[in-house]
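S.K.: Structure of the sequence below:
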Amino acid sequence: MEYLSIIPATALGYLTFRATGHPTSRIRRKLPNIKSKRVQVFPVVRARVFDRVIHLHHWFAFSIVLILSFFLSLGIFDFIVTKGILLGGIIHGLTLPKEHRKIIYKDFSVERLTTIDNDYKS
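M.R.: Okay, here's the model as predicted:
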């Protein structure tokens, strides 16, 4: 019966990341950009290395945390609701178009990384 709570938590995680994950969303535009010269840590995790950009997507990071939470006791990650929110974030990230799921980009243009252009082919 406890596993039924994963369904609304997954829906909550999906809807939260749908509202905040898009680069042009009102909520995301209000979030501060925390970055140094080569590393950005908020609201996205990016690093510039050898003229390439490595972008750690939320679905990738959440997948790692979710897998670890099944094997290790990680405090808040032991709760079914937390696992559901992580699962919702993973589902949201994997429903994006394939070109938005790249991990390594060739150029560092912030406009290039944040635009949603379906006609763009790299």
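S.K.: Dihedrals phi and psi, the residue nearest to the spatial centre of the chain?
M.R.: Nearest to the geometric centre of the chain sits His58, at 1.9 Å (CA atoms, centre = their mean). Backbone dihedrals for His58, given as degrees, to the nearest 10, come out at phi -60, psi -30.
S.K.: cool, Ser36 as well?
M.R.: Note on Ser36: its backbone torsions stand at phi -110, psi -160 [degrees, to the nearest 10].
S.K.: try Ile91
M.R.: Dihedral angles of Ile91 (phi, psi; degrees, to the nearest 10) stand at phi -60, psi -40.
S.K.: residues contacting the nearest residue to it once chain neighbours are set aside?
M.R.: Distance criterion CB to CB, 6 or more residues apart in numbering; nearest residue to Ile91, sequence neighbours excluded, is Tyr14 at 5.5 Å. In short, each C-beta sits where N, CA and C put it, glycine included. For Tyr14, the contact set (CB atoms under 8 Å, 6 or more residues apart in numbering) comprises Gly88, Gly89, Ile91, His92.
S.K.: quick one: Tyr14 is in a helix?
M.R.: Yes: applying DSSP: H, G, I helix; E, B strand; the rest coil, one finds Tyr14 inside a helix.
S.K.: Give me the subset of the contacts of Tyr14 that lies in strands.
M.R.: Secondary structure of the contacts of Tyr14 is defined by DSSP state E; no position falls in strands.
S.K.: out of those residues, which are inside helices?
M.R.: Gly88, Gly89, Ile91, His92 (DSSP state H).
S.K.: can you pull the pLDDT of the second one?
M.R.: With respect to pLDDT, Gly89 scores 94.
S.K.: How many residues are close by it?
M.R.: A count of nearby residues for Gly89, using other CB atoms under 10 Å, gives 25.
S.K.: just the third one next, same as before
M.R.: Ile91 has 17 neighbours, counted by other CB under 10 Å.
S.K.: Isn't it up against Leu12?
M.R.: No: counting by CB atoms under 8 Å, Ile91 sits too far from Leu12 to count as a contact (11.7 Å).
S.K.: how close does Ile103 get to Gly89?
M.R.: 16 Å (CB to CB, to the nearest Å).
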